[in-house]
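Trainee: curious how this folds, go ahead:
(one chain, ligands or ions: 1)
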Amino acid sequence: MQNAMQMGKGPVPVSRPLTLRGPCGRCPSGAGMLELPFLPFCALLGGLGVACVAFVSAWCQQWRGGFAWDGSARMFNWHPVLMVTGLVVLYGAAALVYRLPFSWRGPKLPWKVLHGALALAAFCLAVPGLVAVFSFHDARGTPNMYSLHSWLGLATVLLFSCQWLAGFASFLLPWAPAWLRALYKPVHVFFGSTILMLAVASCVSGINEKLFFSLKNGTTAYARLPPEAVFANTLGLLILLFGVLVLWALARPDWKRPEADSVDTRQPLLSAER
Ligand code: HEM
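Mentor: Prediction:
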């Protein structure tokens, strides 16, 4: 059969394998893929995100003495709360913006702005989160940056900052040439998932470290599994589950914006038309 190229009409967009598509061309036919609508999944994920924030806040309030901004252990408590809320929950939400079905139609610019704004909000929480732990260490004369958690955590925040700046410069500023945006997009997508994984690993290692520091003696020794340890271990699992579900949602082909609409290589992104 003669294709469009042979008929002189230029290249046609590459379509996805028909075997995975339903009659609408977007939803899975059921072959090899769990059929699941995105919005109920999103509600479930939102509930899980709220649970992560509630658990980390309750842990710090109930067992670690609450919150203050005075260099004490209560100042440290802002660190887990702000890091989990910012770099896991808000950042996870930012990653999923383009999976919302209503973002597939119409101009893409508002969704880009929302994506960038949510990531920026995550960063704005992470900064005081880091200030809290560094000030706590300085006030007590504890050395900085000695643990695996601190190296992993700082690497995550640095990568996150580079990702945000490069994304802003490439996708939101009008000067970036189309070829550069097309070249950078897969890199941005790859690091987006990697950074989320690193943030989850940082949280899990941080929770583990805090429990080892805090639960040392008698009936509250970590090895005796006191209620605090059960609670904080559960928090770690919730964070892990949240991260895995976000990565799973990002990887599902049927929840992706149709490629023909999403490779935005022709116009500057701040032009009126997009
Ligand atoms: C994405 C999330 C996180 C990042 C990026 C991160 C980053 C960091 C960094 C850079 C430090 C070093 C501070 C210093 O050396 O003065 C640190 C310390 C610390 N963090 Fe986190 N953190 C995260 C989440 C958590 C969570 C959820 C906890 C749970 C309690 C936690 C517990 C700790 C503890 C106990 C320290 C002090 C000991 C040490 O330096 O390793 N962190 N964190």
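Trainee: pLDDT wise, what is the most centrally placed residue in the chain at?
Mentor: Residue closest to the mean C-alpha point of the chain, counted by C-alpha atoms, centre = their mean, is residue 92 at 3.0 Å. Listed pLDDT for residue 92 reads 98.
Trainee: just residue 89 next, same as before
Mentor: Looking at residue 89, its pLDDT reads 98.
Trainee: ok, and the closest non-adjacent residue to it?
Mentor: Distances taken as C-beta to C-beta, 6 or more residues apart in numbering place residue 49 nearest to residue 89, at 4.1 Å, with adjacent residues excluded. C-betas here are computed from N, CA, C, even on glycine.
Trainee: now residue 238
Mentor: residue 52 (5.1 Å).
Trainee: how about the helix or strand hosting the one you found and the ligand, touching?
Mentor: Secondary structure from DSSP states H and E places residue 52 in helix 38-62. No - figure legend: helix 38-62 not in contact with the ligand (C-beta under 6 Å from any ligand atom); closest approach 6.6 Å.
Trainee: does anything pack onto that helix? Which helices or strands?
Mentor: Packing partners of helix 38-62 (3 or more C-beta pairs under 8 Å, 6 or more residues apart in numbering; DSSP states H and E): helix 78-83, helix 91-95, helix 227-251.
Trainee: so how far is that helix off the chain centroid?
Mentor: 14 Å (C-alpha atoms, centre = their mean, to the nearest Å).
Trainee: find the nearest non-adjacent residue to the residue nearest to the centre of the chain, please.
Mentor: residue 246 (4.3 Å).
Trainee: what parts of this protein come near the ligand?
Mentor: Contact residues, the chain versus the ligand (C-beta under 6 Å from any ligand atom): 79-80, 83-84, 87, 130, 133-134, 137, 144-145, 147, 149-150, 153-154, 156-157, 199, 202-203, 206-207, 209-210, 213.
Trainee: give me the buried subset of those residues.
Mentor: 79-80, 83-84, 87, 130, 133, 137, 149-150, 153, 156-157, 199, 202-203, 206-207, 210 (16 or more other C-beta atoms under 10 Å).
Trainee: just the residues you listed: which are in helices?
Mentor: Using DSSP state H, 79-80, 83, 130, 133, 137, 149-150, 153, 156-157, 199, 202-203, 206-207, 210 are the members of these that sit in helices.
Trainee: circling back: roughly how far does the residue nearest to the centre of the chain sit from the ligand?
Mentor: Distance, residue 92 to the ligand, by C-beta to the nearest ligand atom, to the nearest Å: 12 Å.
Trainee: for that residue, which residues are in contact?
Mentor: 45, 49, 196, 242-243, 246 (C-beta atoms under 8 Å, 6 or more residues apart in numbering).
Trainee: same list (those residues) but as TSV, adding neighbour count and pLDDT.
Mentor: Shown next, in TSV, are the contacts of residue 92 (neighbours: other C-beta atoms under 10 Å; pLDDT from 0 to 100):
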residue	neighbour count	pLDDT
45	21	98
49	22	98
196	24	98
242	22	98
243	23	98
246	27	98
